[in-house]
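1. This is a predicted model, with the sequence first.
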Amino acid sequence: MSAFIKSLGDLFEKGNQLNLPYYLTPYEQISEMSIWERCKLYNFTFEAGCVIVLLLLLFVFSFGKNTNVNTANKIYGYLNDYLKTEFSTVAFYRKGENTPYVEENSNTFFTSFATGRAYIESVTVRTELLAKFNPLSIFVERLLRYYFAYLFTDAAVENIEITIKPNNVPLNAPVKKLEEPLPSKYSFISAIVSKSCMNKSRVNNYYMGLTQVVESPNLPIEYIFMSESNQLNSIFKKLGSGNDLNTLLKKSSSFLNYLAFTDLPSEKPLTDTEWEKNLEPRCVISTKVTTDPKELKLITELIDFVFTIYEHLSETDMSVVLSGDISKKVKNLRTQELNKIVKTMKEVALEMAKEKKQEDMKKTNPQAEAALLAKRERRKKHRQQKGAM
């Protein structure tokens, strides 16, 4: 540390030496000089360096911000064009103009939305990009992640997350059906996950942590099944149609993270109210960020595949999707998880009540508090003596 301070002091000393002739010139002589003569005498090297650094920072900021915006324009330009062929309403409207996406957090998060289609309630496309306008923070964060990986629960990577929500409303359905809750056949967890991000997916998604990991010859070698019941792995082949799934997965192996059907929240709920509020059947497609038209085309094919599953699921009897045994397992899992949350809530409430009781005791009866502490100390010593024997 002292060496760094010494080096910094030497740097400032050299900076002062640049204008030593100017500082040694008498005030009366400087007063008689014109502005041009003073400028010739003064050394502007330090100031010029500051201006260059500021211009460089401005360039890096503008370049990083424009890079993120250009990336978002390519992604949403392609995906929105596709969604317009499927939905009646795509993206957002601002001041009477169509906006392809909404940006947040200094152009690091981008979101688009589509709704108005049979069988599908909505599609949300969310893109997360690195803060390229601040490369120093990216470097420091990656350095910290390398040396202190345990402090970070997620990887600092860019990704596209597409959330597809069903509505169980087929063509020519009565309007009142829109108000009905989704049947229980939509409540299950089944996912196809890339082996390269299997562990990260379990850490970042609460529902993934409740699944069983199964390798299958029915999938390309790059992928595994992660489902709450092995029998659910067959829904992809049973209900999906269109392009061959294995061929599509093989072509998408360079950018696809996972394709997951779930009704449970991504973050673990802390209360029973939060649990009930976040129960929402949906399919999540997570990919790496790509602007390659060929890969974006594959993403639209994955979305199409999910559409066909929800279409067939809407018209399929529940017993075909969730048999009696599977249905019991699904219900039991949710009951067990909810009971764990309720148990934790009660333990927290009991602990808070004890702390409040102790605080009240300190205020009302300090002697009783002292006696309680002495009693605890005697018990602790007794246990230590008993253990020593």
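-> Looks like it came in fine. Numbering: from 1, shown residues only.
2. Could I get the full set of helices for this protein?
-> 2-18, 20-24, 27-32, 35-41, 45-84, 135-147, 198-204, 235-239, 245-251, 272-277, 293-314, 318-321, 324-364, 366-388 (DSSP state H).
3. got a list of contacts for the fourth one?
-> For helix 35-41, contacts defined as Cβ atoms under 8 Å, 6 or more residues apart in numbering pick out 21, 22, 25, 30, 33. Heads up, the C-betas are built off the backbone N, CA and C, glycines and all.
4. ok, of the residues you listed, which one's closest to residue 249?
-> Taking Cβ to Cβ as the measure, residue 249 lies nearest residue 22 of these, at 70.9 Å.
5. sorry, back to before: and the helices of the chain as CSV, adding mean neighbour count?
-> CSV is the format used below for the helices of the chain (neighbours: other Cβ atoms under 10 Å):
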stretch, mean neighbour count
helix 2-18, 10
helix 20-24, 10
helix 27-32, 9
helix 35-41, 11
helix 45-84, 15
helix 135-147, 12
helix 198-204, 16
helix 235-239, 18
helix 245-251, 17
helix 272-277, 13
helix 293-314, 19
helix 318-321, 14
helix 324-364, 12
helix 366-388, 10
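6. which one of these lies closest to residue 222?
-> helix 245-251 (7.5 Å).
7. Can you dump the C-alpha atoms of that closest one in PDB for me?
-> Output of helix 245-251 as PDB, limited to C-alpha atoms (Å, rounded to 0.1, in the frame of the first residue of the first chain):
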ATOM      1  CA  LEU A 245     -37.700 -32.200 -31.900                       C
ATOM      2  CA  ASN A 246     -34.300 -34.000 -31.800                       C
ATOM      3  CA  THR A 247     -33.200 -32.300 -35.000                       C
ATOM      4  CA  LEU A 248     -34.300 -28.900 -33.700                       C
ATOM      5  CA  LEU A 249     -32.500 -29.500 -30.400                       C
ATOM      6  CA  LYS A 250     -29.400 -30.600 -32.200                       C
ATOM      7  CA  LYS A 251     -29.300 -27.500 -34.300                       C
END
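8. Low-confidence stretches in the stretch 251-389 of the chain?
-> Where the stretch 251-389 of the chain drops to pLDDT under 70, the residues are 318-321, 361-372, 375, 383-389.
9. and with 80 instead?
-> Within the stretch 251-389 of the chain, the ranges that satisfy pLDDT under 80 run 316-324, 355-389.
10. Same question for the stretch 1-150 of the chain.
-> 1-25, 27-28, 30, 32, 37, 39-43, 46, 93-98, 136-150.
11. returning to what we had before: and of the contacts of helix 35-41, the nearest to residue 236?
-> residue 22 (77.1 Å).
12. you'd agree that closest one is up against residue 43?
-> Yes - with contact defined as Cβ atoms under 8 Å, residue 22 counts as touching residue 43 (7.0 Å).
13. Common neighbours of those two, please.
-> With Cβ under 8 Å, 6+ apart, residue 22 and residue 43 have no common neighbours.
14. quick one: residue 118 and residue 183, what's the gap?
-> Note on residue 118: its distance to residue 183, by Cβ to Cβ, to the nearest Å, is 16 Å.
15. so residue 80 touches residue 112, yeah?
-> Yes - if you go by Cβ under 8 Å, residue 80 and residue 112 touch, sitting 6.2 Å apart.
16. So for those two, which residues contact both of them?
-> Contacts common to residue 80 and residue 112, judged by Cβ under 8 Å, 6+ apart, are 90, 91, 100.
17. ok, the closest residue to the last one other than its chain neighbours to residue 84 distance?
-> Right, the one you point to is residue 100. Nearest residue to residue 100, sequence neighbours excluded (Cβ to Cβ, 6 or more residues apart in numbering): residue 76, at 4.5 Å. To residue 84, residue 76 is 11 Å away according to Cβ to Cβ.
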